[in-house]
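Undergrad: Quick one, fold the following:
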Amino acid sequence: MKKNSTLAELLAGILLVGVIEQIVCLIFFENHVYNAVGLWSGVLLSGGLAIHMQRSVEDALDFDADSADRYMRKSYMTRALVVCVVIGVVIYYEWGNPLTVLAGIFALKVAAYMQPLMHRVFSKHLLKSQK
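TA: Below you'll find the model as predicted:
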């Protein structure tokens with residue numbers, strides 16, 4: 001498999017969770033556009049956070065232990081600040097439902113637990129395409 005297969009599997013999981021959350025929003029809530037904008041803002045943010053985490057870990061491997069620890073803390077704080085800013089902007093400008101933004105961000109957590117399942121799906125698909 002390619003070098004960043006784990007990231008691809010995680011991003012696929014985030015997308016899958018986002019689709020499932022969108023279906024739930026369409027079934028149970030009114031004002032579909034308001035909820036969808038919030039949800040997909042959160043899902044896109046989750047994808048960006050996953051990419052940033054992967055790059056941060058790769059970059060931290062080039063440092064000594066103390067510098068890597070400081071770098072990872074700085075990277076975490078950057079991601080936390082971006083999440084706060086995005087939620088603040090969504091709330092201030094009323095672009096979408098802030099709760100669905102949080103649901104979209106939560107897709108990263110759920111996708112992390114789904115990654116072993118996504119790995120099996122990707123591996124099975126890769127084996128079929130190689131035959």
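
Undergrad: Scan the protein for its longest helix.
TA: In the chain, assigned by DSSP state H, the helix with the most residues is helix 98-130.

Undergrad: pLDDT of that one, averaged?
TA: Averaged over helix 98-130, pLDDT sits at 91.

Undergrad: Give me the distance from it to the chain's centre.
TA: Centroid separation for helix 98-130 versus its chain: 9 Å, with Cα atoms, centre = their mean, to the nearest Å.

Undergrad: pretty sure residue 104 contacts residue 38?
TA: Yes: between residue 104 and residue 38 there is a contact at 7.1 Å, judged by Cβ atoms under 8 Å. Yep, even glycine has a C-beta here, placed from its N, CA and C like the rest.

Undergrad: tell me what the longest helix of the chain is packed against?
TA: With contacts taken as 3 or more Cβ pairs under 8 Å, 6 or more residues apart in numbering; DSSP states H and E, helix 98-130 sits against helix 5-28, helix 32-60, helix 65-93.

Undergrad: Among those helices, which comes closest to residue 128?
TA: helix 5-28 (15.8 Å; Cβ to Cβ).

Undergrad: Go ahead and produce PDB holding the CA coordinates of that closest one.
TA: C-alpha atoms of helix 5-28 as PDB (Å, rounded to 0.1, in the frame of the first residue of the first chain):
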ATOM      1  CA  SER A   5      -2.700   4.800   3.500                       C
ATOM      2  CA  THR A   6      -3.600   5.300   7.200                       C
ATOM      3  CA  LEU A   7      -4.500   9.000   6.500                       C
ATOM      4  CA  ALA A   8      -6.500   8.000   3.400                       C
ATOM      5  CA  GLU A   9      -8.400   5.400   5.500                       C
ATOM      6  CA  LEU A  10      -9.000   8.000   8.200                       C
ATOM      7  CA  LEU A  11     -10.300  10.600   5.700                       C
ATOM      8  CA  ALA A  12     -12.600   8.000   4.100                       C
ATOM      9  CA  GLY A  13     -13.900   7.200   7.600                       C
ATOM     10  CA  ILE A  14     -14.500  10.900   8.300                       C
ATOM     11  CA  LEU A  15     -16.400  11.200   5.000                       C
ATOM     12  CA  LEU A  16     -18.500   8.100   5.800                       C
ATOM     13  CA  VAL A  17     -19.400   9.400   9.300                       C
ATOM     14  CA  GLY A  18     -20.300  12.700   7.700                       C
ATOM     15  CA  VAL A  19     -22.700  11.100   5.300                       C
ATOM     16  CA  ILE A  20     -24.300   9.100   8.100                       C
ATOM     17  CA  GLU A  21     -24.600  12.300  10.200                       C
ATOM     18  CA  GLN A  22     -26.100  14.100   7.200                       C
ATOM     19  CA  ILE A  23     -28.800  11.400   6.800                       C
ATOM     20  CA  VAL A  24     -29.600  11.600  10.500                       C
ATOM     21  CA  CYS A  25     -29.900  15.400  10.200                       C
ATOM     22  CA  LEU A  26     -32.200  15.100   7.200                       C
ATOM     23  CA  ILE A  27     -34.500  12.700   9.000                       C
ATOM     24  CA  PHE A  28     -34.700  14.300  12.400                       C
END
